[in-house]
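Enquirer: Need a 3D model of the following:
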Amino acid sequence: MSVAVPARAIHAVGGVDLERLATRVGSTPFFAYDRAAITERAGLLRATLPADVRLSYAIKANPMPAVVQHLAGLVDAFDTASAGELRVALDTTMPGEHVSFAGPGKTPAELTQAIAAGALVELESETEARRVVAIGERLGERPRVAIRVNPDFELKGSGMRMGGGPQQFGVDAERVPALLAELAAADVEWLGFHVFAGSQNLNAEILCDAQRKTVELALRLADHAPRAVRYLNIGGGFGIPYYDRDAPLDLPAIGHNLEELMAGAVRPLMPEARVVVELGRYLVGEAGVYVTRIVDRKQSRGTTFLVVDGGMHHQLAASGNLGQVIKRNYPVAIAGRAADEPTETQTVVGCLCTPLDVLARDAELPRAEVGELVVVFQAGAYGLTASPTAFLGHEPPVEVLV
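Expert: Predicted coordinates:
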């Protein structure tokens, strides 16, 4: 499918000229994350969301240790989904009790590590709950737990639905009261609920509706709880614009909605609850770029191909092979070139021996030559670690925080 997108301009990341940065890194391709952009996004969230709503970073979005360490000073908590992410979180200045551990299929070894670290274990099933109780008894530790709830509603318009209907995530809402009764008799510190319905949503009205339904669900379930709710993770799902027609999320509308929910329901009815918004992509996605160098320019039956030294093995999502139904181009640019230069239609392909390895099809870009740098935007989240880096045995790219 031919998708023409307008050219962009980029000369530097974090104030460092891209060619100089490439020399500093030592090779292409590489990922570069802008420290100031991450700080600015965290500050925007702090200024827009209610002051008593906590901000948690979902490490799965970008687990680069330097990025996570930087965010340790900007957010209130970390969410992890594996023992590896847990170790990254604990290597920062974030206290263990401000780290949560979610996700299905946690092994006994992972649960043991989380409990020993004092992390909050978000229970995904009855089996996991019983496993946590047994591990706590064996360690002589009182596990800190919350129940991840699979809600009885869906988050429409999301890039990835993670709640409503049958799910591997969380405990079905109708089964939660029975699990609460079981936990009441166990030696655990139950804190509350985590409800996460979906991700990558750009519709503020839909997100606000999901937040309202989440609070309503939490209030219903709280009637069955053994003690007052002290933790309520309402998820996130805040999307970023990847494509030309995407409009940025109306963050002020979400902040206003959350303030109404806090004032009208949470503060009066769950006064002990620490409300958490958990975000990954929205914090780091727009702060990163993927930089790769053109190694060949070729013509094939009317199509101009720019062949680069990177590809889908590093940035799978940009190739359209990470869940896209209709393949559309991420924004791309030729480094150092002005956006108002004359353009021509060029297709950027990677170095892999597969026709799937296309980073931009029929993109309107300034005429580019061998040796120039191609920049793929929106690469700060679900880039390197969400890509098949071992495919065809190429070297992994470097990541830098600038």
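
Enquirer: In the protein, which helix is the longest?
Expert: Determined from DSSP state H, the single longest helix within the chain is helix 204-222.

Enquirer: who's sitting farthest from the centroid in the chain?
Expert: Each residue of the chain has a distance to the centre, and by C-alpha atoms, centre = their mean the biggest one is for Arg301: 39.8 Å.

Enquirer: For that one, give me the pLDDT.
Expert: The predicted structure scores Arg301 at 96 on the pLDDT scale.

Enquirer: Let me see the contact set for it.
Expert: Arg301 makes contact with no residue under the criterion C-beta atoms under 8 Å, 6 or more residues apart in numbering. Using the backbone N, CA and C atoms, a C-beta is placed for each residue, glycine as well.

Enquirer: From the contact counts, what lies against the longest helix of the chain?
Expert: The criterion is 3 or more C-beta pairs under 8 Å, 6 or more residues apart in numbering; DSSP states H and E, and the helices and strands that helix 204-222 contacts are helix 176-184, strand 189-195, helix 251-261.

Enquirer: repeat that with 7 Å
Expert: In this structure, helix 204-222 packs against strand 189-195, helix 251-261, with contacts taken as 3 or more C-beta pairs under 7 Å, 6 or more residues apart in numbering; DSSP states H and E.

Enquirer: partners of whichever helix or strand comes after the shortest one, with directions?
Expert: Past strand 189-195, heading to the C-terminal end, the next element that is a helix or strand (DSSP states H and E) is strand 198-199. Sheet neighbours of strand 198-199, with direction, are listed as strand 160-161 (antiparallel) (DSSP bridges).

Enquirer: okay, now the closest residue to Asp52 other than its chain neighbours: neighbour count?
Expert: Sequence neighbours aside, Met262 is the residue nearest to Asp52 in space, at 6.7 Å (criterion: C-beta to C-beta, 6 or more residues apart in numbering). Each residue near Met262 was counted by other C-beta atoms under 10 Å, and the total is 20.

Enquirer: And Val25, by the same measure?
Expert: Counted with other C-beta under 10 Å, residues neighbouring Val25 total 18.

Enquirer: Likewise for Arg142?
Expert: 14.

Enquirer: Setting aside sequence neighbours, what's the nearest residue to it?
Expert: If the residues on either side of it in the chain are set aside, Arg142 comes closest to Glu189, at 5.4 Å by C-beta to C-beta, 6+ apart.

Enquirer: ok, now Ala12?
Expert: Among residues not flanking Ala12 along the chain, Leu18 sits closest, at 6.1 Å (C-beta to C-beta, 6+ apart).

Enquirer: now Arg24
Expert: In space, and not counting its chain neighbours, Arg24 is closest to Val16: 7.3 Å by C-beta to C-beta, 6+ apart.

Enquirer: Give the bridge partners for the one you found, please.
Expert: When Val16 is checked against DSSP bridges, its beta-bridge partners turn out to be Val13.

Enquirer: Point out the most buried one among the helices and strands packed on helix 204-222.
Expert: Of all these, strand 189-195 has the most neighbours on average by mean count of other C-beta atoms under 10 Å, namely a mean of 24.

Enquirer: which intervals of the stretch 301-402 of the chain have sub-threshold pLDDT?
Expert: Per-residue confidence of the stretch 301-402 of the chain (counting by pLDDT under 70) places the weak regions at 323-326.

Enquirer: Show me where it has its strands.
Expert: With strands called from DSSP state E, counting those that start in this stretch, the stretch 301-402 of the chain shows them at 303-308, 332-334, 343-349, 358-366, 373-376, 398-401.

Enquirer: Select, out of those strands, the one closest to Val295.
Expert: Counting by C-beta to C-beta, Val295 lies closest to strand 303-308 out of the strands of the stretch 301-402 of the chain; the figure is 5.7 Å.

Enquirer: That closest one pairs with which strands?
Expert: Strands adjacent to strand 303-308 in the sheet, as given by DSSP bridges, are strand 288-300 (antiparallel), strand 343-349 (parallel).

Enquirer: returning to what we had before: do you know which of the strands of the stretch 301-402 of the chain lies nearest Arg131?
Expert: Each of the strands of the stretch 301-402 of the chain was scored for nearness to Arg131 using C-beta to C-beta, and the closest is strand 398-401 (34.6 Å).
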